[in-house]
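Peer 1: Have a look at this prediction, sequence included:
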Amino acid sequence: MVRSSISVCIRVRPPSALEASRSDPVSVHTGSSINGAPPPGSGEPLTLEMGEGRKTLRCRYSTVLGPADGTDRAYASVSSIAVGVAGGVNGCVFAYGQTGAGKTHTMLGDERNGYDGVTGRCVDGLFSELNQMAETRSDSATSQSYSSVSYSVHCSFLQIYNEKLLDLLASARGHAQDVDGRGQPLAIRENKRPGAKPGAKAEVFVSGLSEYRVTSKSDVMALIQAGTQARVVRGTELNDVSSRSHAVLQLAVEVECVSEDFRVLKRAKLSLVDLAGSEKMSSKATTKNHTKELTSINTSLSTLGNVMSALTDSKRTHVPYRDSKLTRLLQDSLGGNTSTAVICCVAPCQSAAEETASTLKFADRARQVVLTVTTNEVVDDKVLLARAQSEIARLRMLLKMYMGGQGGGGSPPPMVAGSPTKMPAGSGAMGGGETGTVEDLVQENARLADQNRLLKAALRNAGIRGNIEDLQNNPKANAAAEGAFRRKKGLPGGAAAQDMHNNSVYSQPPTNNHAGGGSHRKAAKQQRADMSINSESETEGSDLAALRRDLGKKKVKHKGGGNVGKRLGKELALVEEEHEAAEAERERIRKERAELEAQLAAMGEGEGGEEEDRPEVEQSNDYEDEEFDADDEEVAASTGGKKTEQVVLGVVDFSSPAKPKKSPAKGASPNALLRQSPVTVPGDGGGGREVLKEKSPNRDNRGRGAGMNVTAPLPGGLPGAAVKPRKPRKGRGGGNNRTKKMMSATSGAAATASTQSADVLPVTLMYSMADLGARIAIYSFRYDFHYPSTIVGFDHRRNMHCVLYDDGGESGVNGRQWYDLRTKKIKRVEVEPDVEGGRSGKKKKKKAAAGGGAAGGVGAGGGGMARESATAPV
Ligand SMILES: Nc1ncnc2c1ncn2[C@@H]1O[C@H](COP(=O)(O)OP(=O)(O)OP(=O)(O)O)[C@@H](O)[C@H]1O
């Protein structure tokens, strides 16, 4: 966790031709050459002469760029923010200033200079960093080495015009336009990240915004070019090409670092914002439209100023983010977990002195805003364990050194690499680490507590008021119930219900997925893995216990007799205390979880029947919802009549090795680039990588993720546009609407399309982002049919794949489905509008507001797969 203030750069543009022709005197001076010394302190000086009889302003800012300075210097002042996004730290750079002051020139550039602005340079810097990490297989931020580092970047571009959010890339996709021809306004929503720390802020994202997968700067530049053409521009008194909207380009980055023992997933977003310029209301703003534009620009900029003021005022409890769309969208960047820089652009001339003074005032406010920035990374249980062990080793070493092992006087040992230890603030030579074991535990606790919350909701739903005490008093029944529950839910450990405490989606090691059964074997294997983790946890526990015993027995004294020893003793005791509290909390949550799961299991046992025959309760897709909470689970569970069929799946790859398609021709129009099918370019890791993949679920998606191990194409191939045959389920009164629809759409297709399960060939999945784009066929033995599909997403939280049927929507199913390809069971099926009766009115409204499609989550941490399956209507 790092605390830093918003970085401020002032850029003074050269006088324009008009200003020169009017002989408008220069009033802004960079450097200290103007009479009177700049105020003391660090930073570069700037002087503003306000005019005759008025005070001259002298100030300092961390970077001041004069008319002769190029955009490269502006980029230099923000490059660390762009590069930091690769390491999982959110970044935001925005340009602020009067109309015609040079914001667009600075941020985007123009066609004449090939859009050579700060934005293009940031994108370049980010991709260079990502490619370097992938090539060297290391994380430059932590110097940690991995066996593989892969990344994905998604780009969106929007404008805020007259307080409406409009997708700048929507027209390129041929989406419906409103009367202005600017596309449908989009809504800002919030997504509470499951597993986030209690009290953590919800993430803001724009629902329905198109996002494109990009793999290089040129991909992004093509999008910028296309989007810029859709931006609202008008000639004004001060600028012939004045932007009348705020433009926000966002890159959502996910980096996956995999080593033998653990996996780390980093998510962050980079926001690059070119604000519309403030302008005085003048008589020339005659048209109604122009006046409306001016009013909304000025209102949103003044709200931005108010937000800055509120953030710098320690007494203010309310920050008016919601007063404008701009501040609401930038909420994370202004007062949240984002490294932010503002480039304040000013005109050099006397006639603009008032506006320049107001821009400098904004800059002063901005630099007082203090941000707390953390790395957004998700680590699996093994890395938590590794860190805890590394922490223990470090503490042991400290103990040894300061209690006589290595003798006094020496300087304390350096921090163990990769062992971020939480030590009390001001711990001097210890360096005061940032995050660590205790925080990891707290984080894990939050995740477990979240899971408990969901379990409680499921229980409430089922109306079960089980007798927990009974189960507690009967360990055998308890274990059996747990096992049944696990088998039913496809959770690890179903075969031998011993321990459910390590049931984390991150704890499952990748396994090859073969056609046919074996899920119980795998579950047993997983259980053994779980148990081994447990025994390691025991070791951890006993190490800590030993450490505590040592601490208890000996009075910590520094051999050299100084205060360092005493202080270290206190620090160790504090760390230990925090550790103990976190462990106790974890224990409490685990107990609670065991009780809840036992209740659910008891319920499952009571239902009876074979696992395969029991339908699974459909769940709502939290990524689509404004806020994910326990209510969602309740709604989902209450859709009793619309349960999904449970089918056994085989997984095969039926595509021949990907042949690189031609890269887009140089000079091709960006719109043509956007319209074309996904382009596969050769990747350095073997598999191709898709670029500019519009995430329309119905698009043919032939790219293959790196790391796919294709054994052979399926003999006889598969039908190109297979239609899903379904039969009405027995005992269900003829099936629901959906079933009927499918039946009528598919009669006769099943027989010809059927493929024997003997043909099923195994394919190796990475259980990660590397699987994206893999075309697979999912086999249902119930219907003896292969469904050709494409993996379009991987949900790290649930450890599930999102696949998309390659049937062009003919099946009538909203094609995206969530599959756990390990356990070979359908876990999630999109709820069709006609069977949505069980949903609450609120939910329906939300869906309708989102244009019937899924939410296009921009939030880097808000569930990557919302992006993959987001925006285009199915
Ligand atoms: N540093 C600079 N060097 C050279 N020309 C510049 C510089 N800054 C701005 N200009 C020129 O000044 C004009 C106005 O700049 P620009 O359009 O970037 O202003 P703006 O702040 O974005 O205005 P608006 O808010 O109205 O969109 C443009 O012609 C641009 O090329």
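Peer 2: Perfect, thanks for sending it.
Peer 1: Kindly report the domain assignment for the chain.
Peer 2: In the assignment given by automatic domain parsing, the structural domains of the chain cover 2-173+233-378, 380-510+544-613, 644-830.
Peer 1: weakest of those by average pLDDT?
Peer 2: In terms of average pLDDT, domain 644-830 trails the rest of the domains of the chain, at a mean of 44.
Peer 1: and the protein, which of its residues are near the ligand?
Peer 2: On the criterion CB under 6 Å from any ligand atom, the ligand has as its neighbours in the chain the residues 13-14, 16, 97, 99-105, 239, 241-243, 276-277, 345. All C-beta atoms are positioned from the backbone trio N, CA, C, and that covers glycine.
Peer 1: Generate a PyMOL selection restricted to the buried subset of those residues.
Peer 2: In PyMOL, the members of the residues of the chain next to the ligand classed as buried (16 or more other CB atoms under 10 Å) are selected with the following command:
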select buried, resi 13+16+97+99+100+101+102+103+104+105+239+242+243+276+277+345
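Peer 1: can you tell me which of the residues of the chain next to the ligand are in strands?
Peer 2: Among the residues of the chain next to the ligand, the residues falling in strands (DSSP state E) are 97, 242-243, 345.
Peer 1: And the helices in the stretch 1-150 of the chain?
Peer 2: Across the stretch 1-150 of the chain, reading from the start of the chain, the helices by DSSP state H, counting those that start in this stretch fall at 17-21, 71-76, 79-84, 103-107, 118-136.
Peer 1: Quick one: residues in contact with the longest one.
Peer 2: Contacts with helix 118-136, where a contact means CB atoms under 8 Å, 6 or more residues apart in numbering, come from 71-72, 74-75, 78-79, 81-83, 85-87, 93, 95, 106-109, 139-140, 149-151, 153, 216-217, 220-221, 224, 249, 251, 253, 255, 257, 270, 272, 274, 343, 684-685.
Peer 1: Buried subset of those, written for PyMOL?
Peer 2: To isolate in PyMOL the members of the contacts of helix 118-136 that are buried, counting by 16+ other CB under 10 Å, one can use:
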select buried, resi 71+74+75+78+79+81+82+83+85+86+87+93+95+106+107+108+109+139+149+150+151+153+216+217+220+221+224+249+251+253+255+257+270+272+274+343
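Peer 1: Please flag which of the contacts of helix 118-136 sit within strands.
Peer 2: Restricting the contacts of helix 118-136 to those inside strands, with DSSP E as the criterion, leaves 93, 95, 139, 149-151, 153, 249, 251, 253, 255, 257, 270, 272, 274, 343.
Peer 1: Name all residues that make contact with the residue in the stretch 301-450 of the chain that the ligand sits nearest to.
Peer 2: The ligand sits closest to Cys345 of the stretch 301-450 of the chain, with a gap of 5.5 Å, by CB to the nearest ligand atom. Contacts of Cys345 were listed using CB under 8 Å, 6+ apart, and they are 11, 13, 95-98, 101-103, 105-106, 359.
Peer 1: Which one of these is nearest to His801?
Peer 2: Distances from the contacts of Cys345 to His801 were compared by CB to CB; the smallest belongs to Ala95, at 40.4 Å.
Peer 1: Distance-wise, check Cys155 relative to Asp219.
Peer 2: Here the criterion is CB to CB, to the nearest Å. By it, Cys155 lies 7 Å from Asp219.
Peer 1: my bad, Thr340
Peer 2: Distance, Thr340 to Asp219, using CB to CB: 25 Å.
Peer 1: and what of Val232?
Peer 2: Separation of Val232 from Asp219 (CB to CB): 24 Å.
Peer 1: Same question for Glu576.
Peer 2: Using CB to CB, we find Glu576 at a distance of 51 Å from Asp219.
Peer 1: more neighbours, those two?
Peer 2: For Glu576 and Asp219, the more surrounded residue by other CB atoms under 10 Å is Asp219, and the numbers stand at 23 against 17.
Peer 1: per-residue pLDDT, the more buried one?
Peer 2: Spelled out, the predicted local distance difference test score at Asp219 is 92.
Peer 1: Just list whatever residues bridge to Cys349.
Peer 2: Here Cys349 sits in beta bridges with Val26, going by DSSP bridges.
Peer 1: Test my guess that it contacts Ser27.
Peer 2: Yes - using CB atoms under 8 Å as the test, Cys349 is close enough to Ser27 to be in contact (6.2 Å).
Peer 1: Chain neighbours aside, what residue packs nearest to Arg586?
Peer 2: Sequence neighbours aside, Asn445 is the residue nearest to Arg586 in space, at 5.2 Å (criterion: CB to CB, 6 or more residues apart in numbering).
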